[in-house]
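Chemist: return atomic coordinates for the entry below.
(one chain, ligands or ions: 2)
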Amino acid sequence: MKYDVVIVGSGLYGATWAYLAARANMRCLVLERRSHIGGNVYTEEIESIHVHRYGAHIFHTNDKEVWNFIQQFGEFNHYINSPLAYYKGKIYNLPFNMNTFYQMWGVVRPEEAKAIIEAQRKDHYVEYPSNLEEQAINLVGVDIYEKLIKGYTEKQWGRPCTELPPDIIKRLPVRFIYDNNYFDSRYQGIPVDGYTAIIKKMLQGTDVLLNTDFLSDPEYWKRHASLVVYAGPIDAYFNYEFGPLEYRSLCFETEILDIPNYQGNAVVNYTDRDVPYTRIIEHKHFVFGKQPKTVITREYSQPWEIGKEPYYPVGDQKNVSLYQKYLTKAREETSVVFGGRLGEYRYYDMDQVIRRAMDTFYSVVK
Ligand code: FAD
Ligand code: UDP
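Modeler: Ligands and ions are numbered 1, 2, ... in the order given. Next up, the predicted model:
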């Protein structure tokens, strides 16, 4: 066999594995179905601006080892994610914090904001929320739920908030201080040369085949190494034997504008149901760009079906149970490691994917 490991997918999961394996003198082959490396963190240059082709990617973590790890491959700036929400002609700060409460109700002190939220949730309070609507109203009351959560969430996930798991909304902090930092993470930033440059460095010394689908002939590729690391969708690996898992897909519409500044912020969420897209990204603002033109991307959420790109696993009970069936099968495949957002069917952020790859690598390659 020419290789020690065949890695399926050149996203952060595969690239972390490839880097660690190469450093341990293992010979690796990376197979990538797309025409470029990087998975969903891929950035491409348009008008000298790093464009996040698959949606805004802000690196943030509390994991110091992961932060030190990623920084070996490129410099990160001091960008702090502070998205805005646009609802019927008005702008609100995110995540939900004293600025949002001031914009929503004109209150200036935390006690005033807490009193309004308390009054609004009194009639709806549920001790153990079983869906996203109950969870959201418990957290921030009815006004914010109606204006900033309901429409956005239903566009994003394509179903009513009453049919979505409460956990999704727990990703968003609620703060009674004036602080627009979207993440509660100690370390945060954007790579100044784009994510593709980072992945390229991680894959240095590794053979990479683009436009190559492992699943078109898995037995052939398995003959190339005794170990396969698979970061594609787990249900696809097993040919959807128990039926497909559910995902949300996305569609991106990118436009070059002959003006230097379109929306004054990198991310603006459109929380009104009537606006068809969920957000507009203005890429230059991630790195404080001064180019004469600007590039914006409208992001639309779409239903997923076989053949479309799966972006978000839908982590409700039905799908988690289905995933368990695939996981049982996966455990029988002793020479294959399933990992990453699709391989583990988990709504992982970038830092979690790197952490998972590191931990799995060290447990498999002793
Ligand atoms: P992927 O990046 O999906 O890589 C998997 C790769 O495998 C892909 O390149 C795919 O083409 C390839 N592949 C699949 N099947 C096959 C096959 N059969 N043969 C060959 N190749 C195959 N995280 C953050 O931390 N911060 C953010 O701000 C953030 N924003 C996000 C915004 C959006 C819109 C999305 C969708 C995700 C966001 N994330 C963010 C999450 C982040 O994208 C993921 O955590 C990370 O990219 C997952 O890496 P991965 O390697 O597991 O998967
Ligand atoms: N969300 C919302 N309004 C917003 C932003 C987010 O209701 O303006 C909700 C929505 O349900 C979303 C969840 O919070 O799915 C998590 O948001 P996040 O920004 O973390 O989603 P991602 O970046 O993963 O798309």
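
Chemist: show me what from the stretch 201-350 of the chain comes close to ligand 1.
Modeler: 213-215, 231-232, 250, 311, 340-342, 348-350 (Cβ under 6 Å from any ligand atom). Glycine gets a C-beta too; all of them are placed from N, C-alpha and C.

Chemist: closest one of the residues you listed to Gly289?
Modeler: Ranked by distance to Gly289 (Cβ to Cβ), those are led by Met350 at 21.5 Å.

Chemist: and the gap between that closest one and Pro83?
Modeler: Distance, Met350 to Pro83, by Cβ to Cβ, to the nearest Å: 17 Å.

Chemist: with neighbour numbers in mind, choose between the two.
Modeler: Met350 (22 against 18; other Cβ atoms under 10 Å).

Chemist: who are the contact partners of the more buried one?
Modeler: Residues near Met350 by Cβ atoms under 8 Å, 6 or more residues apart in numbering: 12, 41, 57, 59.

Chemist: pLDDT and distance to ligand 2 for these - can I get that in TSV?
Modeler: Shown next, in TSV, are the contacts of Met350 (pLDDT from 0 to 100; distance: Cβ to the nearest ligand atom, whole Å):
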residue	pLDDT	distance to ligand 2
Leu12	98	15
Val41	98	13
His57	98	9
Phe59	98	13
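
Chemist: so which of those reach ligand 1?
Modeler: 12, 41, 57, 59.

Chemist: of the residues you listed - the most surrounded one?
Modeler: Going by other Cβ under 10 Å, Leu12 tops the ones next to ligand 1 among the contacts of Met350 with 31 neighbours.

Chemist: leaving out chain neighbours, which residue sits closest to it?
Modeler: Val353 (4.8 Å; Cβ to Cβ, 6 or more residues apart in numbering).

Chemist: ok so that neighbour is a helix residue?
Modeler: Yes. Under DSSP: H, G, I helix; E, B strand; the rest coil, Val353 sits within a helix.

Chemist: distance of it from Asp359?
Modeler: In terms of Cβ to Cβ, Val353 sits 11 Å off from Asp359.

Chemist: same question, Asp63
Modeler: Asp63 is 11 Å from Asp359, by Cβ to Cβ.

Chemist: which residues of the stretch 101-250 of the chain fall in helices?
Modeler: Along the stretch 101-250 of the chain, the segments classed as helices by DSSP state H, counting those that start in this stretch run 110-121, 132-144, 151-157, 195-202, 218-222, 234-237.

Chemist: what does the third one rub up against?
Modeler: Here helix 151-157 makes contact (Cβ under 8 Å, 6+ apart) with 85, 87, 132, 136, 160-161, 164, 168-169, 248, 269-274, 276, 278, 301, 312, 314.

Chemist: looking at those residues, which are in strands?
Modeler: Counting by DSSP state E, the part of the contacts of helix 151-157 found in strands is 85, 87, 248, 269-270, 301, 312.

Chemist: include pLDDT and neighbour count when you put the residues you listed into JSON lines, please.
Modeler: Listed next are the ones in strands among the contacts of helix 151-157 as JSON lines, based on pLDDT from 0 to 100; neighbours: other Cβ atoms under 10 Å:
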{"residue": "Ala85", "pLDDT": "98", "neighbour count": "25"}
{"residue": "Tyr87", "pLDDT": "98", "neighbour count": "18"}
{"residue": "Arg248", "pLDDT": "96", "neighbour count": "18"}
{"residue": "Asn269", "pLDDT": "98", "neighbour count": "23"}
{"residue": "Tyr270", "pLDDT": "98", "neighbour count": "20"}
{"residue": "Ser301", "pLDDT": "98", "neighbour count": "21"}
{"residue": "Tyr312", "pLDDT": "94", "neighbour count": "17"}
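
Chemist: closest one to ligand 2 among the helices of the stretch 101-250 of the chain?
Modeler: Closest of the helices of the stretch 101-250 of the chain to ligand 2 is helix 151-157, at 3.5 Å (criterion: Cβ to the nearest ligand atom).

Chemist: does ligand 2 have contacts with the closest one?
Modeler: Yes. Helix 151-157 reaches ligand 2 (Cβ under 6 Å from any ligand atom) through 152-153, 156.
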